[in-house]
Each structure stands twice: as structure tokens, then as C-alpha cells.
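Predicted coordinates and the sequence they were generated for:
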Amino acid sequence: MRVDEAGLRALDACLEQVAIFESEWPDGVEVDRAALARAGELGLDTGWWFVKAFPARVDEYEAARKALVDEYWAARKPLDAEYWAARKALDDEYSAKRKPLDDEYWRSVSVLVAELLGLPGCEEAL
């Protein structure tokens, strides 16, 4: 497979990547191991190019992956529900104990900000 500047532009490659490509291969290049290695050295986004140049292969992969991901989340859903149910009492207790600390902290921050801004009445808040 041959790649050239016009082909990259047709795939909507960004101008920076096209410029790097064109400076290395002004007449294009036959894609082989050496060209891909050099493209990597130059910082060219070969992953982006692959996705754009071979969309059917990417679609095939994504379809296979989707089935696997769907199966994973279907199996995980009851585990997550059990986990969050088991954690709820602990989280509620923690939140209840933490609330007064948070309230006091944010009250003191508000007072400090009011003092820094010279807003009247902030002394009484302390």
C-alpha cells in the first residue's frame, strides 16, 4: 500500500502531521515495516492512520469487542449492585460523621474569603 500527501489529506489528516510526512516522503512511501518504524520516530500518528485507512477492519474489531464488553457488564451488574448495597450503611455513617467537619471547614473558608475581600460583618461569623 502506498501513502502520499494527497491520500492523507483525503483522510482529513491534520496539517502538522501532513507537513511532517511530506518533509520525510515528498513523493509518498510504500507502507512497510521500515516506513512504519520511521513514521513512529517522526511522531506520526500511525494508529490514527490505520483507523482511517482500514475502517472495515476497525469496525470488525469494534463489533467483536462490543459483544465482549456487553457480556462483561451484564455479568458485572449484579456484582456492582451487591457491592453498593453492602457499602451503603458504611458510606452513610461516614457521611454523617464527616458532615459537621465539612460544614465547619467551609464556614471558616467563607469567613476568611470575606475578610480578604474586606466584606463587612465577617468578624461576627467567627
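Noted; the coordinates are in hand.

Can you report phi and psi for D4?
The phi and psi values for D4, taken as degrees, to the nearest 10, are phi -140, psi 180.

count of neighbours near L44?
Each residue near L44 was counted by other Cβ atoms under 10 Å, and the total is 21. Using the backbone N, CA and C atoms, a C-beta is placed for each residue, glycine as well.

residues contacting it?
L44 makes contact with Q17, I20, F21 under the criterion Cβ atoms under 8 Å, 6 or more residues apart in numbering.

so can I have CSV of those residues showing pLDDT and neighbour count?
As requested, those are arranged in CSV below (pLDDT from 0 to 100; neighbours: other Cβ atoms under 10 Å):
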residue, pLDDT, neighbour count
Q17, 97, 17
I20, 98, 17
F21, 98, 22
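
and of these, the nearest to R76?
Q17 (38.2 Å; Cβ to Cβ).

pretty sure that closest one is touching L42, no?
No: using Cβ atoms under 8 Å, Q17 makes no contact with L42, being 9.3 Å away.

Residues in contact with stretch 6-18: which ones?
Residues contacting stretch 6-18 (Cβ under 8 Å, 6+ apart): E5, F21, G28, L44, D45, W48, W49, K52, A53.

any low-confidence regions in the chain?
121-126 (pLDDT under 70).

Domain-wise, how is this protein divided?
The chain breaks down into these structural domains: 2-53, 59-126 (assignment by automatic domain parsing).

Show only the entries of the contacts of stretch 6-18 found in strands.
Among the contacts of stretch 6-18, no member is found in strands (DSSP state E).

export those residues to JSON lines and tack on distance to R107?
JSON lines is the format used below for the contacts of stretch 6-18 (distance: Cβ to Cβ, whole Å):
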{"residue": "E5", "distance to R107": "63"}
{"residue": "F21", "distance to R107": "59"}
{"residue": "G28", "distance to R107": "67"}
{"residue": "L44", "distance to R107": "55"}
{"residue": "D45", "distance to R107": "50"}
{"residue": "W48", "distance to R107": "51"}
{"residue": "W49", "distance to R107": "56"}
{"residue": "K52", "distance to R107": "55"}
{"residue": "A53", "distance to R107": "59"}
